[in-house]
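Participant: Got a predicted structure here, sequence first:
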Amino acid sequence: MKSAIIIDESLPIGLLANTAACIATGLFRDQPEAYGPEIQGADHTFIPITKIPILILKKGKRDFDEILRRIQGTNLRCMIFTKEAQSTADYAEYVRRTEGKSLSEVHIVGIGIIGEDAQVTKVAGDLPLLK
C-alpha cells in the first residue's frame, strides 16, 4: 500500500500543514492495517504511526479536476479536503456549507489517496514533492 496527499501549494504554510493533517486523519480512518503496533519506551508508550509511505505532493500545473479524473476507474480510496472545511470553526458549519453540493460548487485545496502502489503511482507519480 501507498498513499499520497496532493495539496494546492499556493496555500500559506499553516494551511498547507492543516490540509495535510486533516486529509491524513480522514484517509486513514478505516485503515487499521496501515498502522504499526504501539511501542513501549522506557518511560512512555509511543502511539502507532502508519507503516506505509505518505507522499506529500504539489498539484503543480495540474488542476484538481484532472487529478480526480485520473482517480476514476481505480480502486483507490480518495478523500477530498475543501476550503469550506478549512475555513469553519466547527463541524456543523462545515456540514451546512457543503451538504448537497457537487464538487464543482466547492473549492478543493487537497486530495488524499490510498491504495495499491501502482495505482497511486499512476495517479500521482508525475506530481512534484512538496518541499
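Facilitator: Received, thanks. As the structure is a computational prediction, the values presented were derived from the model and not from experiment.

Participant: CA only for contacts and neighbour counts going forward, please
Facilitator: Fine.

Participant: Could you pick out the longest helix of this structure?
Facilitator: Longest helix in the chain, counting residues (DSSP state H): helix 13-27.

Participant: Next, the residue of the chain positioned farthest from its centre: secondary structure please.
Facilitator: For the chain, the residue at maximal distance from the C-alpha centroid (CA atoms, centre = their mean) is residue 42, at 33.4 Å. What DSSP: H, G, I helix; E, B strand; the rest coil gives for residue 42 is coil.

Participant: Which strand residues bridge the spatially most central residue of the chain?
Facilitator: Centroid-nearest residue in the chain: residue 112, 2.7 Å away (criterion: CA atoms, centre = their mean). Assessed by DSSP bridges, residue 112 has beta-bridge partners residue 5, residue 79.

Participant: what does residue 39 give?
Facilitator: Bridge pairing for residue 39 - DSSP bridges - gives residue 46.

Participant: What's the local residue count around it?
Facilitator: 12 (other CA atoms under 10 Å).

Participant: now the one 5 residues further on
Facilitator: Other residues within reach of residue 44, judged by other CA under 10 Å, total 8.

Participant: Pop out the phi and psi values for it.
Facilitator: Backbone geometry at residue 44, expressed as degrees, to the nearest 10, gives phi -160, psi 140.

Participant: Quick check, pLDDT for it.
Facilitator: We note a pLDDT of 97 for residue 44 in this prediction.

Participant: Could you do residue 31 as well?
Facilitator: For residue 31, pLDDT reads 86.

Participant: What about residue 29, how many residues nearby?
Facilitator: So residue 29, with other CA under 10 Å, has 10 neighbours.

Participant: Now it: which helix or strand?
Facilitator: According to DSSP states H and E, residue 29 maps onto no helix or strand at all.

Participant: ok, and for stretch 100-116, which residues are buried?
Facilitator: By neighbour count with 16 or more other CA atoms under 10 Å, stretch 100-116 contains the buried residues 108-115.

Participant: the strands in the chain, which residues?
Facilitator: 2-7, 39-40, 45-46, 54-58, 77-82, 108-115 (DSSP state E).

Participant: Kindly reformat those strands as JSON lines containing distance to residue 88.
Facilitator: Output for these, formatted as JSON lines (distance: least, CA to CA, whole Å):
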{"stretch": "strand 2-7", "distance to residue 88": "19"}
{"stretch": "strand 39-40", "distance to residue 88": "35"}
{"stretch": "strand 45-46", "distance to residue 88": "31"}
{"stretch": "strand 54-58", "distance to residue 88": "24"}
{"stretch": "strand 77-82", "distance to residue 88": "11"}
{"stretch": "strand 108-115", "distance to residue 88": "14"}
